[in-house]
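*Asks:* Fold the following for me, if possible:
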Amino acid sequence: MRIATWNVNGLRARLDFVAHWLRAREPDVVGLQELKLTDEQFPHEVFAGLGYRAVTHGQKSWNGVAVLAREPLEPEPLQIGLPGQQELGARLLGVRVADLHFTTIYCPNGKTLEHADFPRKLAWLDALAGHLAPLAGGDAPAVLCGDFNVCPAAIDSWDEERLAGEIFHTEDERKRFGALVESGWEDLFRARHPDAQAFSWWDYRGGAFHRRQGLRIDFLLGNAALAGRVREVEIDREYRKKQDGMTASDHAPVMAELDA
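*Replies:* Down below sits the predicted model:
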């Protein structure tokens, strides 16, 4: 089974690009973030034509998450929204697909350390850890994936020396990510590539992608019951590049191969 996560940075703008990727990579289960459209606007018919069923938690113009499952898999919605944090928008969706509990999230950005959204981001991450603690330590295989808007360690930033203490790089944010790991969630990429400096997001500006000026903020996490099934994890950098003239998201997909 191939699972993936991807912040598409606007599904309307990226629909053909996402379709191109689905045909090329054929993932079985995908968590999408930053849809920027409502549930009613979600193009189910396009994905059905590609062989995928979708569950969505959308929002007009902002946020929005979805899970795609390749037929004959059927995603069953279990949790729509993070309890107690709904005012921050459509940012969490949990489904059951095959034997997996699969949750996709889009963590608040936080904007700046001085902005009111920063403490809200920390509270959102605290709520996430508490809500998913039973899955983290459970016996059933579970995946938590998405755009966390946190660089967990220096190796995950292109310039830790300059950016340490700035947004995505603060001890407060890293402490929250660390709490997820301590509760039982394994960072699947880092567990298999402990020394690799690899990124999943690059600014559109200043040629950041080609200059290797990125951040690793998109993750596939798995509990112990899931982690033992992982064969390989990769960041799909090829799909941060233009494809057939179509502009990519500023995020690359992250993919993992699982034993059945």
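*Asks:* List the contacts of residue 29.
*Replies:* Counting by CB atoms under 8 Å, 6 or more residues apart in numbering, residue 29 touches 1-4, 67-70, 73, 75, 97-98, 100, 102, 143. No exception for glycine: its C-beta is placed from N, CA and C like everyone else's.
*Asks:* now residue 184
*Replies:* Residue 184 neighbours (CB under 8 Å, 6+ apart): 133, 136, 137, 223, 224.
*Asks:* at 7 Å instead, please
*Replies:* Residue 184 makes contact with 136, 137, 223, 224, according to CB atoms under 7 Å, 6 or more residues apart in numbering.
*Asks:* List phi and psi for the last one.
*Replies:* The reference is to residue 224. phi -60, psi -40 (degrees, to the nearest 10).
*Asks:* Nearest spatial neighbour of it, chain-adjacent residues omitted?
*Replies:* residue 184 (6.4 Å; CB to CB, 6 or more residues apart in numbering).
*Asks:* do the same with the third one
*Replies:* With sequence-adjacent residues excluded and distances taken as CB to CB, 6+ apart, residue 223 is closest to residue 142, at 4.6 Å.
*Asks:* and what of residue 259?
*Replies:* residue 229 (4.5 Å).
*Asks:* swap in residue 237?
*Replies:* residue 252 (5.4 Å).
*Asks:* that's a helix at residue 15, yeah?
*Replies:* Yes - under DSSP: H, G, I helix; E, B strand; the rest coil, residue 15 sits within a helix.
*Asks:* Residue 44 is in contact with that one, correct?
*Replies:* No - Residue 15 is beyond contact range of residue 44, at 11.9 Å (criterion: CB atoms under 7 Å).
*Asks:* Can you name the residues bridging to residue 104?
*Replies:* Counting by DSSP bridges, residue 104 is bridged to residue 93, residue 145.
*Asks:* Could you check the pLDDT of it?
*Replies:* At residue 104, the model reports a pLDDT of 99.
*Asks:* Any idea how many residues pack against it?
*Replies:* A count of neighbours around residue 104, defined by other CB atoms under 10 Å, yields 28.
*Asks:* what ranges do the helices span in the chain?
*Replies:* According to DSSP state H, the chain carries its helices in the segments 11-25, 44-49, 117-136, 160-163, 171-183, 188-192, 224-227.
*Asks:* quick check, distance from the second one to the centre of its chain.
*Replies:* This means helix 44-49. 22 Å (CA atoms, centre = their mean, to the nearest Å).
*Asks:* Pull that helix out as CSV, backbone CA atoms only.
*Replies:* In CSV, the C-alpha atoms belonging to helix 44-49 read as follows (Å, rounded to 0.1, in the frame of the first residue of the first chain):
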residue,chain,number,x,y,z
HIS,A,44,-15.7,14.4,-6.7
GLU,A,45,-16.4,13.6,-10.4
VAL,A,46,-12.9,14.3,-11.5
PHE,A,47,-11.4,12.1,-8.8
ALA,A,48,-14.0,9.4,-9.5
GLY,A,49,-12.8,9.4,-13.1
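*Asks:* who's in contact with it?
*Replies:* 15, 19, 54, 68.
*Asks:* what residues are up against the last one?
*Replies:* By that I understand residue 68. For residue 68, the contact set (CB under 7 Å, 6+ apart) comprises 30, 32, 47, 52, 54.
*Asks:* How much space separates it from residue 31?
*Replies:* Remark: distance between residue 68 and residue 31 (CB to CB, to the nearest Å) = 8 Å.
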